[in-house]
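Engineer: fold the following.
(3 chains)
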Amino acid sequence: MEHAHIPEIPVSIFSLKHTFESAQPLTFYADYNEVSNTIVYPYDSSVINLMHSGDDEKGTLHIMGRHAAPATGEVSRRFRLSDDMQKIYKKINTDQSMAKAISAYRGMRLTLNDPWETTLVFIISQFNNVKRIRLITRNIIQRFGKEIYDSGGKAVAKGFPQSADLMKGTEKDFRDLGAGFRAKYIKSAAEYCTNNLNLGKLPAGKYEKLRDSLMEIDGVGGKVADCIALMGYGNLEAFPIDVHIKRAMERIYFKGRKMGMAQIQEFAEGRWGVYRGYAQQYLFHNARVSGRK
DNA sequence: ACCCAGGCGGGCG
DNA sequence: CGCCCGCATGGG
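Structural biologist: Just a heads-up that it's a prediction; the model follows:
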């Protein structure tokens, strides 16, 4: 089938750039080319190549790659293309700070990632920085991922290793790949998610139950469980509170006073309701970018 | 040199 | 219960 039709998806209020740069699981191992506005990432047994043309208000996603046609639905799910951003913005645009964040990163989507990939990435994320999370994640993929070949039989990438694949690694292996004290968590999570907890069977829509189940994993506490619920299961009720969110919210909404996690959670629920996961992503990205210098 | 990073588990009061 | 501490590693 030469000159195969390139699948296209019309998209509006969508920014591949802001989405990629907002430190979500996919972005730790995908490659992004800002000039061509293209993202390349391994998925299943092939590589998906996604180009965004037009502008963020109204554009087109072009899907290229060996399995481009069957990947169309997957791209739509993964980038949450059916989210009604007008409606979501209306719900979370509650004040001047949110308005500025939405304006600055308009089109940024939450992404929906594989639950196991998300679990591993956020176990690595604890007490760590984004650059090293990315490094460690890539090291683990390089060491334990399976080769992905193009139609000519050339190895082009490595797929994300499943939990069973990581069971072959020792704690020392993960330490050598840069995981540090998290190595023991990676090892035990690989075992637990292979033998005891089927991540594919957890109830994505039941926030409390989902969160409690995820916290059975050693090394997964409340914050990491919220990240997995949000970005691995698409549960928008999850509101992960990390150091950036905590600081930003204390400053913006609590006159600089130190607040407990429960109080901040309660505030977020009351203010942004079932869309608080989206509010979190805009607050987080804004705080992180404006915190750099 | 010093401080910080998408926190967590464990121990203590 | 809540509080507090140690924790690997590398970048600013």
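Engineer: spatially, which residue comes closest to A:N196, not counting chain neighbours?
Structural biologist: Nearest residue to A:N196, sequence neighbours excluded (CB to CB, 6 or more residues apart in numbering): A:E216, at 7.8 Å. All C-beta atoms are positioned from the backbone trio N, CA, C, and that covers glycine.
Engineer: surely A:M261 touches A:I241?
Structural biologist: Yes - counting by CB atoms under 8 Å, A:M261 touches A:I241, with 5.7 Å between them.
Engineer: so between these two, which is more surrounded?
Structural biologist: Shown here are A:M261 and A:I241; by other CB atoms under 10 Å, A:I241 has more neighbours (20 against 11).
Engineer: pLDDT score assigned to the more buried one?
Structural biologist: Predicted confidence (pLDDT) for A:I241: 97.
Engineer: the helix or strand hosting A:T60: partners in the sheet, and parallel or antiparallel?
Structural biologist: Element membership of A:T60, judged by DSSP states H and E, is strand A:58-64. Sheet pairing of strand A:58-64 (DSSP bridges) gives strand A:8-12 (antiparallel), strand A:46-54 (antiparallel).
Engineer: out of those, flag the one nearest DNA strand B.
Structural biologist: Judged by CB to the nearest atom of the strand, the one of the strands paired with strand A:58-64 that comes nearest to DNA strand B is strand A:46-54, at 19.3 Å.
Engineer: which of the residues in the closest one are buried?
Structural biologist: Buried residues in strand A:46-54, counted by 16 or more other CB atoms under 10 Å: A:46-52.
Engineer: the residue nearest to A:N196 and DNA strand C, how far apart?
Structural biologist: In this structure, A:E216 lies at 16 Å from DNA strand C, with CB to the nearest atom of the strand, to the nearest Å as the measure.
Engineer: that residue: neighbour count?
Structural biologist: Residues near A:E216, counting by other CB under 10 Å, number 12.
Engineer: so for DNA strand C, which of the strands paired with strand A:58-64 sits nearest?
Structural biologist: Checking the strands paired with strand A:58-64 against DNA strand C by CB to the nearest atom of the strand gives strand A:46-54 as the closest, at 26.9 Å.
Engineer: any idea how far that closest one is from the middle of the chain?
Structural biologist: 18 Å (CA atoms, centre = their mean, to the nearest Å).
Engineer: what sits up against it?
Structural biologist: By CB atoms under 8 Å, 6 or more residues apart in numbering, the residues outside strand A:46-54 that reach it are A:11, A:14, A:16, A:36-42, A:59-68, A:71, A:74-75, A:148, A:150, A:156-157.
Engineer: got a quick ChimeraX command for the buried subset of these?
Structural biologist: This is the ChimeraX syntax for the buried subset of these, where burial follows 16+ other CB under 10 Å:
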select /A:11,14,16,37,38,39,40,41,42,59,61,62,63,64,65,66,68,71,75,148,157
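Engineer: please flag which of the contacts of strand A:46-54 sit within helices.
Structural biologist: Among those, the members found in helices (DSSP state H) are A:16, A:68, A:71, A:74-75.
Engineer: quick check, nearest of those residues to A:E266?
Structural biologist: A:E266 lies nearest to A:L16 out of the ones in helices among the contacts of strand A:46-54, by CB to CB, at 34.4 Å.
Engineer: just the pLDDT for whichever residue of the stretch 1-150 of chain A sits closest to DNA strand C.
Structural biologist: Residue nearest to DNA strand C within the stretch 1-150 of chain A (CB to the nearest atom of the strand): A:F127, separated by 4.7 Å. What the model reports for A:F127 is a pLDDT of 97.
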